[in-house]
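>>> Got a sequence here, can you build the structure:
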Amino acid sequence: MPTIHHLSPRWPLCEQQKFLTRFSQLIEQGFSLAQALEIMGTLFKQEAIAPFAAHCANGQPFASTLETCHFEKRIVYIVRCGEEAGSLLQGLQKAAEYSEHLIQNKAELSKKLRYPLFLFTLMIGILGIVYLFFFPQLEDFYQSFHIEGDPTLLNGVLLLLGGLLLLIFLLIGSFFLILTSPHRCIPHLLFHFPLLKSLSQHVFSYYFSSQWLIFLNCGLPLKESLFMMRSFENIPFVRHIIDELQQRLENGISLGDLFEKSPYFTAYFKLIMKHALQLAKVHQELKTYSTEEFKRLTQHMNTLFKTIQFIFLALIGLIIVLIYLSLLQPVFQMAELI
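Residues are numbered from 1 along each chain as shown. Okay, here's the model as predicted:
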């Protein structure tokens, strides 16, 4: 018996991908829209499929139904381009491929972030336990031996740890502030600050190439696809950068020179685009580049997280050793008296 999926009015991305994949398979096998939707009604709740059946019965575009059901807007656009080109099947297949790729990338990033977040939470927990529970008991422990403890070193390590955690909070907060800032000058700091410049260029080059590729896959010309990116972009600082690129194009700068003189892209991306534009193979090169760049970014993340993991574990180990030495301090003092 097939599994019945319950879908809310705003479909989760994973359910969008399941729907698009199975529906495109049915269309490819020769089923009509009505027949395919009837079959989909056995896999999904009838109230979820009802808008599709109603819209198709009224002769409305399939992409409009996806938009009504709150599908991801790039998915809607891909399907609409397929419909307008006379191939709904091709639009559905490309949308399914795009959603699957998006889900895989999100899952990969989530997997990379899971353990560092666990260590970060563990450090906060240890810090709280030591301050709230261990320190008061340590003071009582010293008094029971009629000695004065000296937790200066342990206090210093805990303050260092607290400062490190605060710094991480501030860095994360600053990153999201930059991403959401409507001011043009603030995001540019990412590409001019020495410690962040290289990472920012790699991240933006990957994001830009993967987003541009979506619209090139829909058959749009190079410049038109670049303009279309702007209307679909939600991140303010990315919109600012695209605005700058568009302004340069309007001023007569060629696409090749556009990337060559831009501070937002890696040298490798600029070189790839220079040769791809000369050979008219932008689509193929962007696809290869975005795939390779994502792998490079995940490798950089692995290296960074291993370093963070080592630092966190070393600090945890240091705290445990200092706690142990604090407990042995009365023994050392009594040994000196003897």
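>>> Only C-alpha atoms from now on, for both contacts and neighbour counts.
Will do.
>>> The helix or strand bottoming out on mean pLDDT in the chain: what's the following helix or strand?
Taking mean pLDDT, DSSP states H and E as the measure, the chain has helix 185-188 as its least confident helix or strand, at a mean of 64. Of the helices and strands lying after helix 185-188 in sequence (DSSP states H and E), the nearest is helix 194-217.
>>> Follow the chain on from that next one and name the next helix or strand.
Along the chain past helix 194-217, the next helix or strand (assigned with DSSP H and E) turns out to be helix 222-232.
>>> domains in the chain, as residue ranges please.
Per the record, the chain has its domains at 13-95, 145-319, by automatic domain parsing.
>>> any idea how far the last one is from the chain center?
With Cα atoms, centre = their mean, to the nearest Å as the basis, the distance from the averaged C-alpha position of domain 145-319 to the chain average is 10 Å.
>>> Residue ranges in the stretch 151-300 of the chain under the pLDDT threshold?
Residues of the stretch 151-300 of the chain that meet the criterion pLDDT under 70 lie in 151-158, 161, 171, 174-175, 177-188, 195.
>>> now the angle between helix 194-217 and the biggest helix by length in the chain, please.
When every helix of the chain is counted residue by residue (DSSP state H), the longest turns out to be helix 282-337. Interaxial angle, helix 282-337 versus helix 194-217 (axes from the mean of the first three to the mean of the last three Cα atoms, to 10 degrees): 150 degrees.
>>> quick one: helix 282-337 to helix 222-232, angle?
Going by the same axes, to 10 degrees, helix 282-337 makes 50 degrees with helix 222-232.
>>> Output the contacting helices and strands for helix 282-337.
The criterion is 3 or more Cα pairs under 8 Å, 6 or more residues apart in numbering; DSSP states H and E, and the helices and strands that helix 282-337 contacts are helix 88-129, helix 135-144, helix 152-180, helix 194-217, helix 267-279.
>>> winner for burial among the domains of the chain?
domain 13-95 (a mean of 18; mean count of other Cα atoms under 10 Å).
>>> of all the helices and strands packed on helix 282-337, which lies closest to residue 255?
Across those, residue 255 has its closest neighbour in helix 267-279 (7.9 Å, Cα to Cα).
>>> contact partners of the closest one?
Judged by Cα atoms under 8 Å, 6 or more residues apart in numbering, the contacts made with helix 267-279 from elsewhere in the structure are 205, 255, 256, 259, 260, 282, 285, 289.
>>> Most widely separated two among those residues?
Longest distance between any two of those is 17.3 Å, between 255 and 289; criterion Cα to Cα.
>>> With residue 36 as the reference, measure out to residue 84.
Here the distance between residue 84 and residue 36 works out to 20 Å (Cα to Cα, to the nearest Å).
>>> Any idea how many residues pack against the nearest residue to residue 20 once chain neighbours are set aside?
Ranked by Cα to Cα, 6 or more residues apart in numbering and with sequence neighbours excluded, the top spatial neighbour of residue 20 is residue 96, at 5.2 Å. Neighbour count for residue 96, taken as other Cα atoms under 10 Å: 24.
>>> check contacts around residue 96.
Taking Cα under 8 Å, 6+ apart, we find residue 96 in contact with 17, 18, 20, 21.
>>> any chance of the residues you listed in CSV, plus pLDDT and secondary structure?
Rendered in CSV, the data for those read as follows (pLDDT from 0 to 100; DSSP: H, G, I helix; E, B strand; the rest coil):
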residue, pLDDT, secondary structure
17, 91, helix
18, 92, helix
20, 92, helix
21, 93, helix
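>>> from those residues, which is closest to residue 306?
The closest of the contacts of residue 96, once distances to residue 306 are taken by Cα to Cα, is residue 17, at 32.9 Å.
>>> Sketch out the low-pLDDT regions of the stretch 1-150 of the chain for me.
Across the stretch 1-150 of the chain, the stretches falling below the confidence threshold (pLDDT under 70) are 1-10, 138-139, 141-143, 145-150.
>>> again, only this time at 90
The stretch 1-150 of the chain contains residues with pLDDT under 90 at 1-13, 15, 32-70, 82-88, 101-102, 104-150.
>>> coming back round to it: report the angle between the longest helix of the chain and helix 88-129.
Angle between the axes of helix 282-337 and helix 88-129 is 10 degrees (criterion: the same axes, to 10 degrees).
>>> right, and residue 27 touches residue 37 too?
No. At 9.8 Å, residue 27 and residue 37 do not qualify as touching, with contact defined as Cα atoms under 8 Å.
>>> From residue 259, how far off is residue 272?
10 Å.
>>> typed the wrong thing, it's residue 159
As it turns out, when the distance is counted by Cα to Cα, residue 159 lies 46 Å from residue 259.
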